[in-house]
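Q: Following is a predicted model, sequence given first.
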Amino acid sequence: RANRLSLFLPAAAQIPTAIIALGTKAADMLSQKGYVGELLQRPSETIELYLYFFILAYLIVFARRIREIEAAEHTAPK
């Protein structure tokens, strides 16, 4: 990896999950202020679902990156 910070950044595959969570939160806020009608029955539950999924996917990607680094260290010539 070119940058150690890239180890901690979320993968691009998680962008749809983040966008859906943000969109759901925005719809909830607009609904509470009365700008739009109620779009979801329980938006807080939907937001929690996508945030938990995002965290799970992040941890899976993070674990894979750690394994890749460890494998590269073991195969690197000394």
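A: Done, it's in. Numbering: from 1, shown residues only.

Q: the longest helix in the protein is where?
A: As far as residue count goes, and with DSSP state H defining each element, the longest helix of the chain is helix 43-75.

Q: quick one: that one to chain centroid distance?
A: 8 Å (Cα atoms, centre = their mean, to the nearest Å).

Q: Tell me which residues of that helix come out buried.
A: Taking 16 or more other Cβ atoms under 10 Å as the basis for neighbour counts, the residues of helix 43-75 that come out buried are 43, 46-47, 50, 54, 57-58, 65. All C-beta atoms are positioned from the backbone trio N, CA, C, and that covers glycine.

Q: pLDDT below threshold where in this protein?
A: 1-2, 76, 78 (pLDDT under 70).

Q: Now do the SS call for Leu9.
A: coil (DSSP: H, G, I helix; E, B strand; the rest coil).

Q: ok so, going back, okay, the buried residues of helix 43-75 in TSV with distance to Leu5 next?
A: As requested, those are arranged in TSV below (distance: Cβ to Cβ, whole Å):
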residue	distance to Leu5
Pro43	33
Thr46	31
Ile47	27
Tyr50	25
Phe54	19
Ala57	19
Tyr58	15
Arg65	12
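
Q: Check those and tell me the two furthest apart.
A: Every pair in the buried residues of helix 43-75 was compared (Cβ to Cβ); the two farthest apart turn out to be Pro43 and Arg65, at 32.4 Å.

Q: helices or strands up against whichever strand or helix holds Gly23?
A: Secondary structure assignment for Gly23, by DSSP states H and E: helix 15-33. Under the contact definition 3 or more Cβ pairs under 8 Å, 6 or more residues apart in numbering; DSSP states H and E, helix 15-33 sits against helix 43-75.

Q: Geometric centre of the protein: which residue is closest?
A: Phe54 (3.3 Å; Cα atoms, centre = their mean).

Q: just checking, it touches Gln14?
A: Yes: in this structure, Phe54 is within contact of Gln14 by Cβ atoms under 8 Å, at 6.0 Å.

Q: Look at the nearest residue to Arg65 once chain neighbours are set aside and say how many residues are nearby.
A: Beyond its immediate neighbours in the sequence, the residue positioned closest to Arg65 (Cβ to Cβ, 6 or more residues apart in numbering) is Leu7, lying 5.6 Å away. As a burial measure, Leu7 scores 12 neighbours (other Cβ atoms under 10 Å).
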